[in-house]
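> give me a model of this one.
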Amino acid sequence: FAAERDRIRTDRERRAREMVARLRDLGVPVEWRRVAALAAGGAVGRPHVARAMVELGVVPDVAGAFTAEWIGHDGRAYVPKYALDPGRVIALVRDAGGVSVIAHPRASAHGMSQPDELLEELAAAGLTGVEVDHPDQPESKRRALRDLARALRLVTTGSSDYHGDNKFVRLAAETTSREAYEALAAQATGATPIRR
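Numbers count the residues shown, from 1 in each chain. Below you'll find the model as predicted:
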């Protein structure tokens, strides 16, 4: 688990550096130093590349960078990230004593809605929960996810998906109920639940 986690972290920098190189090839004078500075010592990602593009006046806002023209999925300067097979991730997390929850599977802005069949496969592989309450999942999708989660015996969670000032999402706009947290903690073998 730790080795794969570290590989994912180091790959973020490789990916961002390649996006900067592609942008430069497209005539956008983004500097790697500036992108790294915007990450402020944290994990660098596309939002930092986007913020550098905003500073240069290439796009009007961060969202403007996440398009097919720039660094959006399959965009001209987009670089795929290293990713594990979801079933492998679930097994690694479980073997480390943790629980797994799939994040925002019906988020419309992400454009990659996950089908019921995938959630069924992941549940069979040991998935513990599904994020239902998310700012980018409309109520109709939330209802359908709750029904599916109930059928698959998955814990439902919520999250604002807050990533700092890179997104216009309010911290704690969506949350996970105490009951859901306790249900997750009860299934984790490597953690001690937080008590208040």
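
> can you pull out the low-pLDDT segments for the protein?
By pLDDT under 70, the weakly predicted segments of the chain are 108-112, 162-169, 190-196.

> quick one, strands of the protein?
101-102, 129-133, 155-158 (DSSP state E).

> contacts for the longest one, please.
By C-beta atoms under 8 Å, 6 or more residues apart in numbering, the residues outside strand 129-133 that reach it are 99-105, 119, 142, 145-146, 148-149, 154-159, 174-176, 180, 184. Where C-beta positions appear, they are placed from N, C-alpha and C, glycine not excepted.

> which members of these are classed as buried?
Neighbour counting by 16 or more other C-beta atoms under 10 Å classes 99-102, 104-105, 119, 142, 145, 148-149, 154-159, 174, 176, 180, 184 among the contacts of strand 129-133 as buried.

> next step: those restricted to helices.
Within these, residues falling in helices by DSSP state H are 119, 142, 145, 148-149, 180, 184.

> hmm, which two among those are most spread apart?
Farthest-apart pair in those is Arg142 and Leu184; separation 18.5 Å (C-beta to C-beta).

> my guess is Arg51 contacts Leu38. True?
Yes - shown here, Arg51 and Leu38 form a contact pair, counting by C-beta atoms under 8 Å, at 5.1 Å.

> so who does the closest residue to Phe66 other than its chain neighbours touch?
Once flanking residues are discounted, Phe66 sits nearest to Gly72: 4.5 Å by C-beta to C-beta, 6 or more residues apart in numbering. For Gly72, the contacting residues are 65-66, 78, by C-beta under 8 Å, 6+ apart.

> if I look at Asp74, how far off is Met53?
17 Å (C-beta to C-beta, to the nearest Å).

> these two - which one has more neighbours?
The residue with more neighbours, out of Asp74 and Met53, is Met53; 23 against 8, by other C-beta atoms under 10 Å.

> wait, what's in contact with the more buried one?
Going by C-beta under 8 Å, 6+ apart, the list of residues near Met53 reads 23, 28, 30, 59, 64-65, 70-71.

> distance of the spatially most central residue of the chain from Ala149?
With distances taken as C-alpha atoms, centre = their mean, the residue of the chain nearest its centroid is Ala103 (6.7 Å). In this view, Ala103 and Ala149 are 14 Å apart by C-beta to C-beta.

> Leu26 too?
Counting by C-beta to C-beta, the gap from Leu26 to Ala149 is 42 Å.

> got it, and Arg94?
Distance, Arg94 to Ala149, using C-beta to C-beta: 18 Å.

> wait, isn't Glu18 in contact with Val79?
Yes - here Glu18 reaches Val79: they are 4.4 Å apart, a contact under C-beta under 8 Å.
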